[in-house]
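Novice: Kindly generate the corresponding structure for this input.
(4 chains)
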2 protein chains.
Amino acid sequence: MGDVAERAGVSRQALYLHFADRTTLFLEVSRLADSSLRTPARQRRIDQAPTARDAFREAIALQAWLKPRLRGVATALDVLRRSDAAADAAWKEREHARMERCKQVIRRLRDEDQLAPPWDLHTAARCFWAVTSQRVWDDLVMDQGWSMAQYRTHITTLLEAALLRQE
Amino acid sequence: MGDVAERAGVSRQALYLHFADRTTLFLEVSRLADSSLRTPARQRRIDQAPTARDAFREAIALQAWLKPRLRGVATALDVLRRSDAAADAAWKEREHARMERCKQVIRRLRDEDQLAPPWDLHTAARCFWAVTSQRVWDDLVMDQGWSMAQYRTHITTLLEAALLRQE
DNA sequence: GACTAGATTGACAGCATGTCAAGGGGAAAC
DNA sequence: GTTTCCCCTTGACATGCTGTCAATCTAGTC
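Specialist: Model (predicted):
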C-alpha cells in the first residue's frame, strides 16, 4: 500500500479514503482493467466472424492480445485469492465469465459440426478455457520466452488440432 | 511458521534451528516430496514403454498421479516465488527438470515418426509441459471439479489429438 | 558428575495492514 | 469576507508475522 500511495502521489492513509482495504483496491483495479480492455468492438470480431472456425481463431487471438495487458492484475488477484475470500470470489467471477465466452465459441463450433469427436460442449470448453488461461500464457511467454506471436501461433495450432474436426 | 511449529509439536523458534527461514523450509519440503513421489520405478514405466505413444500416455498418467500429491508444495512454491528470489530459482529448477522429461517423451515420439506436423521437438515439448502444469490441473480439478480420471482422460485426448500423428 | 546437543521461554526489532484523532487548505456557498 | 465542507495530511497506534537473541532446561554421553 505504501508503494501504491507513493506512485499515486498521495499519503498511504489517503488510499483508505477511497478503498476499504488492499483487496478492494485490487478488485476495483482489475474490474477497471477488464472493462477498459475488453471492449464491445473486440468481442464483435468473434461474434461476427463468418464461420465457427474463424470465431475460434479470433477468440484465441483476443486472449493472446489481452494476456500481456491484464497480466499484472490477473496475477495479483491469483496470488491474493490463496489467502483472501473476497479475491477468490472475484477470481471465480472473472473466470466464470471467461468460461461462458469459451462455451459460446465451442457451441458455435458444435452447431456448425466442426467440433471433433469425442468432444462435447462442456469438456471442450473447459480444455479451451484451461489452455488459454493467464497461467499458461505466463508459463510460455514469461518463463519460456515465447513471443506473443509464437504464443498465438502455437496455441492456435494446438487447439485447432485438438478440438477441430480434421478438414 | 507458527502453524507449522504447532502441527510439528515444537516451538516456533525451534523451526529456525533446522531451517534458515520460511523459504528454505518450503524448498526442502518440496524437494523431499518430489524425491519421495517421483521414484525410479515410476519413471521406468515411461522409459520402458514399448512404443513412443505408450510412453506419451504413461507420462501424462504419471503427471495426473503426481499433481494431487504435490499440490500443496507446488502451489506454495508458486505463490512464494512472486516475492522471493530463492523460491523463484527453486521453481525454475523444478520446472526445468520437468521440461527435460517432457522433451524426452517428445523426442522419442519424433524418432518414431509419431510427432504430427508441424510440430518440432521444442515447441511440442513446451506445449506438453504447459498443458501438464500444476496450474492447469488446479484449474480443471480444483476449480472446475473434474475428477482425477476425467483430468487424465481428457488431457490425454487433448494432447494426443494435438501432437500425435493421426493413425 | 560434567559436557553437549537440541529444545524451551520470553523478549525484541522490523515491517506491513488497517484505524484513529487532530488539523490544514482550497473551493463553493452564504 | 467568512463559513462550511470535503479531501487530504501528519502522527500515533494496535495487530500480526518473520526472524533474532539471550538465558535456561533436559536428556543422553563421556
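Novice: Residue A:30: what's it in contact with?
Specialist: Going by Cβ atoms under 8 Å, 6 or more residues apart in numbering or on different chains, residue A:30 touches A:70, A:73, A:74, A:76, A:77, A:90, A:94. In short, each C-beta sits where N, CA and C put it, glycine included.
Novice: now do residue A:132
Specialist: A:59, A:60, A:63, A:102, A:155, A:159.
Novice: do stretch A:145-165 and chain B meet at all?
Specialist: Yes: Stretch A:145-165 is in contact with chain B by Cβ under 8 Å from any Cβ of the partner chain, via A:146, A:154, A:155, A:157, A:158, A:159, A:161, A:162, A:163.
Novice: Can you report how many residues lie near the third one?
Specialist: Here the number of neighbours of residue A:155 (other Cβ atoms under 10 Å in any protein chain shown) works out to 22.
Novice: Give me the helices and strands touching the longest helix anywhere in chain A, please.
Specialist: Secondary structure of chain A read by DSSP state H shows that its longest helix is helix A:52-80. Packed against helix A:52-80 by the contact rule (3 or more Cβ pairs under 8 Å, 6 or more residues apart in numbering or on different chains; DSSP states H and E) you find helix A:22-37, helix A:40-47, helix A:85-111, helix A:134-137, helix A:148-163.
Novice: go again using 6 Å as the cut-off
Specialist: helix A:22-37, helix A:40-47, helix A:85-111, helix A:148-163 (3 or more Cβ pairs under 6 Å, 6 or more residues apart in numbering or on different chains; DSSP states H and E).
Novice: quick one: it to chain centroid distance?
Specialist: Distance of helix A:52-80 from the chain centroid (Cα atoms, centre = their mean, to the nearest Å) equals 4 Å.
Novice: List the buried residues in that helix.
Specialist: For helix A:52-80, the neighbour count (16 or more other Cβ atoms under 10 Å in any protein chain shown) marks A:52-53, A:55-64, A:66-67, A:70-71, A:73-74, A:76-80 as buried.
Novice: coming back round to it: same list, the contacts of residue A:132, but as a markdown table with distance to DNA strand C please.
Specialist: Shown next, in a markdown table, are the contacts of residue A:132 (distance: Cβ to the nearest atom of the strand, whole Å):
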| residue | distance to DNA strand C |
| --- | --- |
| A:59 | 36 |
| A:60 | 36 |
| A:63 | 30 |
| A:102 | 33 |
| A:155 | 34 |
| A:159 | 38 |
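Novice: can you redo these as JSON lines with pLDDT?
Specialist: Shown next, in JSON lines, are the contacts of residue A:132 (pLDDT from 0 to 100):
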{"residue": "A:59", "pLDDT": "97"}
{"residue": "A:60", "pLDDT": "97"}
{"residue": "A:63", "pLDDT": "96"}
{"residue": "A:102", "pLDDT": "97"}
{"residue": "A:155", "pLDDT": "98"}
{"residue": "A:159", "pLDDT": "98"}
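Novice: Output the set of residues of chain A in proximity to DNA strand C.
Specialist: Listed as neighbours of DNA strand C in chain A under the rule Cβ under 7 Å from any atom of the strand: A:1, A:2, A:13, A:16, A:20, A:21, A:22, A:23.
Novice: Sketch out the low-pLDDT regions of chain A for me.
Specialist: Counting by pLDDT under 70, chain A contains no low-confidence residues.
Novice: Mind doing that once more with 80?
Specialist: A:167 (pLDDT under 80).
Novice: Pull up the gap between residue A:21 and residue A:8, please.
Specialist: Noted for residue A:21: a distance of 16 Å to residue A:8, by Cβ to Cβ, to the nearest Å.
Novice: cool, residue A:28 as well?
Specialist: Distance from residue A:28 to residue A:8, by Cβ to Cβ: 13 Å.
Novice: Return the member of the residues of chain A next to DNA strand C nearest to DNA strand D.
Specialist: Nearest to DNA strand D among the residues of chain A next to DNA strand C, counting by Cβ to the nearest atom of the strand, is residue A:13 at 4.2 Å.
Novice: got the residues of chain A near DNA strand D?
Specialist: So chain A meets DNA strand D at A:9, A:10, A:11, A:13, A:14, A:17, A:18 (Cβ under 7 Å from any atom of the strand).
Novice: For chain B, tell me which of those show up nearby.
Specialist: Subset of the residues of chain A next to DNA strand D in contact with chain B: empty, counting by Cβ under 6 Å from any Cβ of the partner chain.
Novice: Let's have those residues in JSON lines, adding distance to residue B:86, secondary structure and neighbour count.
Specialist: Formatted as JSON lines, the residues of chain A next to DNA strand D follow (distance: Cβ to Cβ, whole Å; DSSP: H, G, I helix; E, B strand; the rest coil; neighbours: other Cβ atoms under 10 Å in any protein chain shown):
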{"residue": "A:9", "distance to residue B:86": "34", "secondary structure": "coil", "neighbour count": "7"}
{"residue": "A:10", "distance to residue B:86": "34", "secondary structure": "coil", "neighbour count": "13"}
{"residue": "A:11", "distance to residue B:86": "33", "secondary structure": "coil", "neighbour count": "12"}
{"residue": "A:13", "distance to residue B:86": "33", "secondary structure": "helix", "neighbour count": "9"}
{"residue": "A:14", "distance to residue B:86": "35", "secondary structure": "helix", "neighbour count": "11"}
{"residue": "A:17", "distance to residue B:86": "37", "secondary structure": "helix", "neighbour count": "8"}
{"residue": "A:18", "distance to residue B:86": "35", "secondary structure": "helix", "neighbour count": "11"}
